[in-house]
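from the sequence below, what's the structure:
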Amino acid sequence: MKLLASTTLALASLLVTTQAFAERPDFSKTAAARADYRFADNPVAKQNQVPLSSSRHDFSKTTAANSEYHFIDNSPADETELEPRTTQHDFSRTEAARKQS
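Take a look at the predicted model:
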């Protein structure tokens, strides 16, 4: 039993040691690390290509595409009054600020 335990321990330490001292690649020495490298010149990976959609909408079949359609007959859109936007936020009104006081 002691032989089995010591053999297992020796194998485990050997595996851990080789992984710890394995040489890590230095990517700063690759061609892509140069400042003048152009990533746009890389060949495209085929598995990353997104298929083009075949369900394109044909706007020539809409009602507005008819030569007799009059846009002036459209009902006007409801005009809504928008509040002016500000760039500053009042953090004193937040829930976290209320919990502190």
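
quick one: the helices in this structure, in order.
Per DSSP state H, the chain carries helices over the ranges 2-20, 95-100.

between those helices, which one is nearest to K29?
helix 2-20 (22.3 Å; CB to CB). C-beta coordinates here come from the backbone N, C-alpha and C atoms, glycine included.

what about N42, distance to T7?
48 Å (CB to CB, to the nearest Å).

typo on my end, it should be D58
Relative to T7, and taking CB to CB, D58 is found at 74 Å.

one more: A64?
82 Å.

got the helices of the chain as a markdown table, with mean neighbour count, distance to P84 and mean pLDDT columns?
A markdown table is the format used below for these (neighbours: other CB atoms under 10 Å; distance: least, CB to CB, whole Å; pLDDT from 0 to 100):
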| stretch | mean neighbour count | distance to P84 | mean pLDDT |
| --- | --- | --- | --- |
| helix 2-20 | 9 | 61 | 75 |
| helix 95-100 | 8 | 24 | 78 |
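
want to throw these into CSV with distance to S28?
Below are the helices of the chain laid out as CSV (distance: least, CB to CB, whole Å):
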stretch, distance to S28
helix 2-20, 22
helix 95-100, 43
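
tell me where the model's unsure across the protein.
Along the chain, the model assigns pLDDT under 70 to residues 15-22, 45-54, 86, 101.

and the strands in it?
Using DSSP state E, the chain contains no strands.

burial check on N74, number of neighbours?
N74 has 9 neighbours, counted by other CB atoms under 10 Å.

how about R85?
The local packing of R85 (other CB under 10 Å) involves 5 other residues.
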